[in-house]
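In: A predicted structure for the sequence below; I have some questions about it.
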Amino acid sequence: MLKGTFPIEKFKALQTPFYYYDTDLLKEALNVVKTEAGKYNYQIHYAVKANANPRILSIIAEAGLGADCVSGGEISASLRAGFPASKIVFAGVGKADWEIELGLDNNIFCFNVESAAELAIINEIAGVKGKVASVALRINPEIDAHTHAKITTGMKENKFGINIGQLNGVLADLKQMEHVKLIGIHFHIGSQITDLSSFQALAIRANEILEELEAKGFKIDNVNFGGGLGIDYHHPNHLPIAAFDNYFAVINKLLEQRPGLQVHFEPGRSIVGPCGSLISKVLYVKEGETKNFAILDAGFTELIRPAMYDAYHRIENISGDEEVEVYDVVGPICESSDVFGKDVELNKAHRGDLIALRSAGAYGEIMASQYNCRKLPASYFSDTL
Ligand code: LLP
């Protein structure tokens with residue numbers, strides 16, 4: 001059974017569960033995304049929601065990426081980590097007044113506006129400050145991302161963005177507003193998208209919308225395709241880098257060139273997902289009547305994706321090399337959904353074995369909770385451990 005490489009001896013001295021980040025892999029992903037995006041002069045804003053660990057953020061900021069934020073807290077964390085305000089975009093359906101003020105006070109690059117109501121408030125708050133906010137309209141492109149329903153965002157029934165049918169009304173409003181300046185359009189159709197045809201459809205839809213806006217006399221300088229590129233959760237050892245090359249190539253092929261048009265992306269998972277693992281310990285092996293359970297000291301409090309989205313994470317017994325047996329791998333939380341995987345093949349497990357839940361770098365640590373009065377776990381990095 002091929003496994004990831006981990007400093008097991010060092011792990012033995014640490015209190016489990018904890019997050020472990022391979023910083024070499026993170027840096028490699030950053031190099032690849034920069035090289036591939038650089039081929040077409042695309043700008044990358046890392047989606048901070050995927051992982052806002054300060055060390056991770058500062059490595060990403062140092063690599064020169066911008067930041068995509070969805071809250072005032074994320075804007076502050078990004079600024080602290082060294083992202084320049086001029087590379088921060090701010091999305092979200094429910095921006096509070098103080099968050100809009102924070103963005104304006106720091107002169108962030110752009111507000112990705114999700115409704116007519118929000119646009120009016122940004123105009124009002126910017127007016128009080130005597131400022132002009134740069135805005136991009138987040139348009140709901142009505143494209144199916146073919147991913148889990150809970151992480152699909154680009155359909156009419158989703159709460160995100162401005163529906164195409166309502167765009168004209170918002171544009172009419174915009175013409176009357178003095179404290180907002182339309183600089184672009186923004187899309188985000190969903191997450192963990194592995195079928196690139198959804199991005200093909202998005203590029204084609206963007207062409208249509210850009211054409212329509214131009215015909216109406218709006219000069220659009222920026223188009224932001226959001227995030228969503230998926231990673232290979234099943235083969236983290238063979239395919240640790242997301243398919244950035246194909247992703248950007250698809251957009252480049254189908255998006256019509258327009259003079260001065262700057263293209264942006266907001267990848268989160270594809271940058272940080274593969275580099276992180278949740279490391280846990282087997283507390284008990286429980287032999288049931290029909291199943292064997294490997295009961296870990298980590299639960300959905302540390303990695304909620306399997307419970308919340310039925311997500312698959314590869315699970316490895318990194319202490320063991322005995323013959324493979326089949327277990328339901330579960331956590332200690334008092335909820336039946338606290339299951340990391342059913343019928344998982346693991347090298348025979350014993351109390352005390354270290355278990356790695358792979359590809360936990362995105363939406364792992366950041367979604368941790370203290371349910372059952374559990375402590376938030378520590379995080380360690382390959383280059384400083
Ligand atoms: N931009 C916007 C506007 C977004 O809403 C998101 C993710 C991203 C970018 C980054 O998407 P990514 O490249 O990471 O797919 N907790 C879920 C994922 C939720 C994604 C929400 N929005 C999960 O664990 O699968």
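Out: Structure received. Small disclaimer: the values here were computed from a predicted structure and weren't measured.

In: Could you find the closest non-adjacent residue to L254?
Out: Nearest residue to L254 in three dimensions, chain neighbours excluded: A203, at 3.7 Å (CB to CB, 6 or more residues apart in numbering). C-betas here are computed from N, CA, C, even on glycine.

In: Hmm, the one you found is touching F248, no?
Out: No. Here A203 does not reach F248: they are 10.8 Å apart, not a contact under CB atoms under 8 Å.

In: Quick one: residues contacting the residue lying closest to I183 once chain neighbours are set aside.
Out: Nearest non-adjacent residue to I183, counting by CB to CB, 6+ apart: S134, 4.7 Å away. By CB atoms under 8 Å, 6 or more residues apart in numbering, the contact list for S134 reads 109-111, 180-181, 183.

In: Repeat that for R358.
Out: With the criterion set at CB under 8 Å, 6+ apart, R358 makes contact with 4, 233, 236, 277, 313-316.

In: list the helices and strands the biggest strand by length in the chain packs on?
Out: With secondary structure taken from DSSP state E, the chain has its longest strand at strand 276-287. With contacts taken as 3 or more CB pairs under 8 Å, 6 or more residues apart in numbering; DSSP states H and E, strand 276-287 sits against strand 18-21, strand 292-296, strand 354-357.

In: The longest one - contacts with which helices or strands?
Out: Just to be clear, that refers to strand 292-296. strand 276-287, strand 324-330, strand 339-347.

In: Neighbouring strands - and their directions - for the shortest one?
Out: Note on strand 324-330: by DSSP bridges, its sheet partners are strand 292-296 (parallel), strand 339-347 (antiparallel).

In: ok and the last one relative to strand 276-287, angle-wise?
Out: To tie it back to what came earlier, the one meant is strand 339-347. Put simply, strand 339-347 runs at 80 degrees to strand 276-287, going by axes from the mean of the first three to the mean of the last three CA atoms, to 10 degrees.

In: how far does strand 339-347 sit from the chain's center?
Out: Strand 339-347 sits 25 Å away from the centroid of its parent chain (CA atoms, centre = their mean, to the nearest Å).

In: Could I get the average pLDDT for that strand?
Out: For strand 339-347, mean pLDDT rounds to 98.

In: Extract the CA atoms of it and return them as CSV.
Out: The C-alpha trace of strand 339-347 is given here as CSV (Å, rounded to 0.1, in the frame of the first residue of the first chain):
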residue,chain,number,x,y,z
VAL,A,339,-17.5,8.7,10.4
PHE,A,340,-14.4,9.3,8.2
GLY,A,341,-14.9,6.3,6.0
LYS,A,342,-16.8,3.0,5.8
ASP,A,343,-15.2,-0.3,4.8
VAL,A,344,-11.7,1.3,4.6
GLU,A,345,-8.7,-0.9,3.9
LEU,A,346,-6.0,-0.2,6.4
ASN,A,347,-2.9,-2.0,7.4
